[in-house]
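Asker: need coordinates for the below:
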Amino acid sequence: MESLNKLALAALISILALATLPAAANQGAQRVEEPSTGAMMADLVVARPVGLVITALGTATFLVGLPFIMAGGNLIESGEKLVVGPAQETFNRCLGCKNSGWRGDYAE
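Answerer: Presented below is the predicted three-dimensional model:
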């Protein structure tokens with residue numbers, strides 16, 4: 001029992017240590033985007049409405065296919081690809097930026 005507790009503690013410490021590696025490794029890789037006025041206008045007039053339509057179509061497809069998706073056992077993956085991904089590209093991106101994420105998420 002004692003060796004099992006030590007093993008569980010070692011696994012927990014390893015998981016916690018490894019969970020911080022991607023954030024630390026990616027710290028310097030991100031850069032602040034400075035989109036141009038044209039990029040912002042094109043994003044607002046073209047990309048956001050198209051993204052909204054794609055998000056709505058993906059959500060409808062997800063809901064219609066839900067019985068088959070659940071039977072196939074890939075509910076989370078389908079939800080991420082059909083609903084969450086397009087919604088993040090539409091709503092969780094600064095105007096004119098190419099990368100998803102809030103403006104405050106970028107390293108300065």
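Asker: C-alpha only now, for contacts and for neighbours.
Answerer: Fine.
Asker: so which residues of the chain form helices?
Answerer: Secondary structure of the chain (DSSP state H): helices located at 2-19, 21-25, 37-42, 48-64, 66-72, 75-79, 85-91.
Asker: hey, least reliable of these by pLDDT?
Answerer: When the helices of the chain are ranked by mean pLDDT, helix 21-25 comes last with a mean of 51.
Asker: in stretch 87-104, what counts as buried?
Answerer: Within stretch 87-104, the residues that qualify as buried by neighbour count (16 or more other CA atoms under 10 Å) are 87-90, 93-97, 100.
Asker: now those in a markdown table, with distance to residue 37?
Answerer: Formatted as a markdown table, those follow (distance: CA to CA, whole Å):
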| residue | distance to residue 37 |
| --- | --- |
| 87 | 23 |
| 88 | 22 |
| 89 | 19 |
| 90 | 18 |
| 93 | 16 |
| 94 | 13 |
| 95 | 10 |
| 96 | 8 |
| 97 | 11 |
| 100 | 18 |
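Asker: how about the contacts made by the closest residue to residue 35 other than its chain neighbours?
Answerer: Counting by CA to CA, 6 or more residues apart in numbering, residue 35 lies nearest to residue 96, which is 5.3 Å off, once chain neighbours are set aside. Shown in contact with residue 96 (CA atoms under 8 Å, 6 or more residues apart in numbering): 35-37, 39-44.
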